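Visitor: would you be able to build a 3D model of this:
(one chain, ligands or ions: 1)
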Amino acid sequence: MKTIIEPFRIKSVEPIRMTTVEQREGILREAGFNTFLIRARDVIIDLLTDSGTGAMSAEQWAGVMRGDESYAGADSFFRFRDVMRSVTGMENILPTHQGRASERILFELIGGKGLVVPNNAHFDTTRANIEHSGAEAVNLPIPEAKDPSSRHPFKGNMDVAGLEELISRVGRDRIPAVMCTVTNNSGGGQPVSLANLRAIRKVCDAHRIPFFLDACRFAENAWFVKQREPGQQHRTVREIVRDMFDLVDGSTISAKKDGMVNIGGVLLIRDKSLFTRACNLLILTEGYVTYGGLAGRDLEAMAQGFQEVLEEDYLHYRIRSTEYLGEKLLASGIHIVEPPGGHAIYIDAKHFAPHIPQEQFPGQAVVCGLYRVGGIRACEIGSVMFGGPGRPAPAMELVRLAIPRRVYTQSHIDYVAEAAAELFAKRKHLRGLRITEAPEVLRHFTVRFAEI
Ligand SMILES: Cc1ncc(COP(=O)(O)O)c(C=O)c1O
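Guide: Just a heads-up that it's a prediction; the model follows:
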């Protein structure tokens, strides 16, 4: 069959509140043109993020009822730990309340002033936690990653020659770890090949530098490897996932993505002594080592979610439905980061609004336009998120349409494509923005703008 259907039926529904263009105009102004500051009830289709916004399965909800809420040694922890061990092959597993808690613990231990942490592309919270420790976060994407129209099959890959050059320039003693983000969220949700992960491992081995994965979307990455990497087609996603984790010394994971839960994170560390120090920090701020800031029911939901995400019918539907939105936008003449990523479509805002200069935030102008036209909430990934005093302007100005897992149907996606096409047709009316208030770090969450 050519139609790839959702491999699930809907058992429970949540109403969407419709709004008019006039109502949305008032809401947008009140929110200072920042869609993070809009109430969720005022959004028709929420594509702000795929993080923690997915629908849980009947089995996950059954796990919620089974949750063992004992403070220490709860059964739910051991179920979660055993699943994570079988999926990743790693022994030392800590639950955390979300990905950035894992990052905070890791970089409090290995970061610090004068140090440098390379990545294919750091996510905003990873960068912020590294910089908070005093270290410098360096992005090393391959050159194709900066060209939205390049259809490189593994555009999330790290520039391995760039990594070697960085090591010889700053010295291995200043690099506490190399990270690689799968899939690469800041660079268009693009996958990283096994060959690239192996090449990074080789460089890390030669210089005795630990290698960590930011593995939020490990299953989506493995699906792309199975589809695109020569010699991987006959293998299961589970086997490919295991290969990915076998190559690294540890991993930070936000379970709100491929863990298929609304809250949760994981920290994996092979080195026993570093792991022990992480346990102590976890106890200091997150909670005891068998719950890590979560309830037992959350651990049950994660244990089930980390298995469901490896079901290949699910991954087939997931990646195909993202691609479907990408194809519709391309057919309307909208430029996107190609090929479509795993969890999101990234609109090229420089092409969409060429009359708005980078310092007037063309991505944010498109975000505001999508909300006005269709009540669609998207996320700017460009100068608002990564710019700021003393920071260079990013190479791309993107608008991310992130697709929550198992939430929207094909007609919701058709509606998004129609609204985006309508906005594109009248794009010359889009206006630039200037910042009226901004915090020092992670400014995109609370910044306010005025229209120019
Ligand atoms: C690649 C990547 N790393 C880290 C994080 C942080 O995870 P969390 O939001 O659970 O703290 C995210 C969240 O979107 C992400 O996409």
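Visitor: every contact and neighbour count from this point should use C-alpha atoms.
Guide: Noted.
Visitor: report how many residues lie close to the residue nearest to residue 309 when sequence neighbours are not counted.
Guide: Leaving out its chain neighbours, the residue that sits closest to residue 309 by C-alpha to C-alpha, 6 or more residues apart in numbering is residue 258, at 6.1 Å. For residue 258, the number of neighbouring residues by other C-alpha atoms under 10 Å comes to 27.
Visitor: same question for the one 3 residues further on.
Guide: Other residues lying near residue 261 total 29 when counted by other C-alpha under 10 Å.
Visitor: could we number from 41 for the rest of this?
Guide: Sure thing, new numbering starts at 41, so read that last one as residue 301.
Visitor: what's it sitting at in phi/psi?
Guide: Torsion angles at residue 301 (phi, psi; degrees, to the nearest 10) stand at phi -120, psi 170.
Visitor: who's in contact with it?
Guide: Residues in contact with residue 301 (C-alpha atoms under 8 Å, 6 or more residues apart in numbering) are 92, 93, 94, 95, 96, 295, 338, 341, 342, 345.
Visitor: tell me how far the residue nearest to residue 349 lies from residue 91.
Guide: Applying C-alpha to C-alpha, to the nearest Å, one obtains 9 Å for the distance of residue 298 from residue 91.
Visitor: mind listing what the closest residue to the ligand within the stretch 391-492 of the chain touches?
Guide: Evaluated by C-alpha to the nearest ligand atom, the stretch 391-492 of the chain has residue 442 as its residue closest to the ligand, separated by 10.2 Å. By C-alpha under 8 Å, 6+ apart, residue 442 lies in contact with 87, 88, 89, 90, 383, 384, 385, 418.
Visitor: name the nearest residue to the residue of the stretch 191-340 of the chain found nearest the ligand, sequence neighbours excluded.
Guide: Here the residue of the stretch 191-340 of the chain nearest the ligand is residue 294; by C-alpha to the nearest ligand atom that distance is 4.2 Å. Distances taken as C-alpha to C-alpha, 6+ apart put residue 139 closest to residue 294, at 3.7 Å, once the chain neighbours are dropped.
Visitor: go ahead and confirm that neighbour touches residue 305.
Guide: Yes - counting by C-alpha atoms under 8 Å, residue 305 is a contact partner of residue 139 at 4.9 Å.
Visitor: number of residues surrounding residue 129?
Guide: So residue 129, with other C-alpha under 10 Å, has 15 neighbours.
Visitor: so it makes contact with residue 283?
Guide: No - between residue 129 and residue 283 there is no contact under C-alpha under 8 Å: 9.3 Å.
Visitor: for the residue nearest to residue 349, helix, strand, or coil?
Guide: Per DSSP: H, G, I helix; E, B strand; the rest coil, the local secondary structure of residue 298 is coil.
Visitor: before we move on, what about residue 291?
Guide: Residue 291 ends up strand, using three-state DSSP.
Visitor: what separation is there between it and residue 486?
Guide: In this structure, residue 291 and residue 486 are 29 Å apart, going by C-alpha to C-alpha.
Visitor: who in the protein is up against the ligand?
Guide: 91, 138, 139, 140, 163, 165, 221, 225, 254, 256, 294, 296 (C-alpha under 6 Å from any ligand atom).
Visitor: burial measure for the second one, as a count.
Guide: Residue 138 has 24 neighbouring residues, counting by other C-alpha under 10 Å.
Visitor: and it, what's its pLDDT?
Guide: pLDDT, residue 138: 97.
Visitor: so what's the residue nearest to it when sequence neighbours are not counted up against?
Guide: Of all residues not flanking residue 138 in the chain, residue 305 sits nearest, at 3.9 Å (C-alpha to C-alpha, 6+ apart). Residue 305 makes contact with 135, 136, 137, 138, 139, 141, 142, 292, 293, 294, 295, 296 under the criterion C-alpha under 8 Å, 6+ apart.
Visitor: elements contacting the longest helix along the chain?
Guide: For the chain, the longest helix by residue count, based on DSSP state H, is helix 352-371. When contacts are defined as 3 or more C-alpha pairs under 8 Å, 6 or more residues apart in numbering; DSSP states H and E, helix 352-371 packs onto helix 258-268, strand 384-388, helix 450-465.
Visitor: now the angle between strand 384-388 and the longest one, please.
Guide: Angular relation of helix 450-465 and strand 384-388 on a 0 to 180 degree scale: 10 degrees, by axes from the mean of the first three to the mean of the last three C-alpha atoms, to 10 degrees.
Visitor: what is the subsequent helix or strand relative to helix 450-465?
Guide: Later in the chain than helix 450-465, the nearest helix or strand by DSSP states H and E is strand 473-477.
Visitor: and that following strand, what's buried?
Guide: 473, 475 (16 or more other C-alpha atoms under 10 Å).
Visitor: do the same with stretch 64-71
Guide: 64, 65, 67, 68, 69, 71.
Visitor: now it - C-alpha only, PDB.
Guide: In PDB, the C-alpha atoms belonging to stretch 64-71 read as follows (Å, rounded to 0.1, in the frame of the first residue of the first chain):
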ATOM      1  CA  ARG A  64      -5.200  35.700  17.600                       C
ATOM      2  CA  GLU A  65      -4.000  39.200  16.700                       C
ATOM      3  CA  GLY A  66      -4.900  40.400  20.200                       C
ATOM      4  CA  ILE A  67      -3.400  37.300  21.800                       C
ATOM      5  CA  LEU A  68      -0.100  37.700  19.800                       C
ATOM      6  CA  ARG A  69       0.300  41.300  20.800                       C
ATOM      7  CA  GLU A  70      -0.400  40.500  24.500                       C
ATOM      8  CA  ALA A  71       2.300  37.800  24.300                       C
END
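Visitor: re the thing from before, contacts only, for the residue nearest to residue 349.
Guide: 256, 257, 258, 259, 260, 345, 346, 349.
Visitor: model confidence for it, exactly?
Guide: Value for residue 298, per-residue pLDDT: 98.
Visitor: do the one 3 residues further on as well
Guide: Reading off the per-residue confidence, residue 301 sits at a pLDDT of 98.
Visitor: next: residue 187.
Guide: With respect to pLDDT, residue 187 has a value of 88.
Visitor: same thing with residue 228?
Guide: 85.
Visitor: neighbours around it, how many?
Guide: Counted with other C-alpha under 10 Å, the neighbours of residue 228 add up to 29.
Visitor: surely it and residue 379 touch.
Guide: No - between residue 228 and residue 379 no contact is recorded; they are 9.0 Å apart, counting by C-alpha under 8 Å.
Visitor: number of residues surrounding residue 296?
Guide: Using other C-alpha under 10 Å, residue 296 has 25 neighbouring residues.
Visitor: could you find the closest non-adjacent residue to it?
Guide: Using C-alpha to C-alpha, 6+ apart, the closest residue to residue 296 is residue 92 (4.2 Å).
Visitor: make sure that neighbour is indeed in a strand.
Guide: No - membership of residue 92 in a strand is not supported by three-state DSSP, which gives coil.
Visitor: so which helix or strand takes in residue 235?
Guide: Residue 235 belongs to helix 234-247, assigned by DSSP H and E.
Visitor: quick check: next helix or strand after that helix?
Guide: Heading C-terminal from helix 234-247 (DSSP H and E), you reach strand 251-254.
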